[in-house]
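Novice: 3D model of this:
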Amino acid sequence: MGLRVGGVSEDFRKQMLGYGLTTAQILYRMPDHPSLLQTYVWQNYDMFPKFPALTDFLAFWTEKLDGPLHSVTVAHSKLIKPAELRAIDGVFRLH
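Specialist: Okay, the predicted model is just below:
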């Protein structure tokens with residue numbers, strides 16, 4: 001879970017700014033056995049449609065790691081939408 005600032009988690013703050021939960025299934029080739037594919041699952045809050053956090057992670061992977069990328073499959077979901085949030089006497093209640 002993200003850090004808490006003023007009683008609210010950083011993950012919740014990101015969701016309120018429009019971030020959504022992004023999951024990427026990354027297939028990459030094994031450095032010592034290039035005919036074999038290995039899978040890695042990455043998950044973080046990111047912004048659709050440009051995915052800057054995922055883009056940064058894949059750039060890091062390409063520059064620093066030995067296993068060349070084969071393919072990346074992305075799933076994204078906004079967990080909180082404006083219509084699902086309403087203020088009640090200063091307390092936020094999620095449905």
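Novice: What is the burial count for Pro49?
Specialist: Pro49 has 6 neighbouring residues, counting by other C-beta atoms under 10 Å. (Glycine included, C-beta is placed from N, CA and C.)
Novice: where does this protein have low pLDDT?
Specialist: Across the chain, residues meeting the criterion (pLDDT under 70) sit at 1-6, 80-95.
Novice: What ranges does it have for its helices?
Specialist: Per DSSP state H, the chain carries helices over the ranges 10-16, 52-64.
Novice: which helices and strands sit right next to the longest one?
Specialist: Helix 52-64 is packed against strand 20-29, strand 37-46, strand 69-77, with contacts defined by 3 or more C-beta pairs under 8 Å, 6 or more residues apart in numbering; DSSP states H and E.
Novice: Now do that helix: distance to the chain's middle.
Specialist: For helix 52-64, the separation from the chain centroid amounts to 12 Å (computed by C-alpha atoms, centre = their mean, to the nearest Å).
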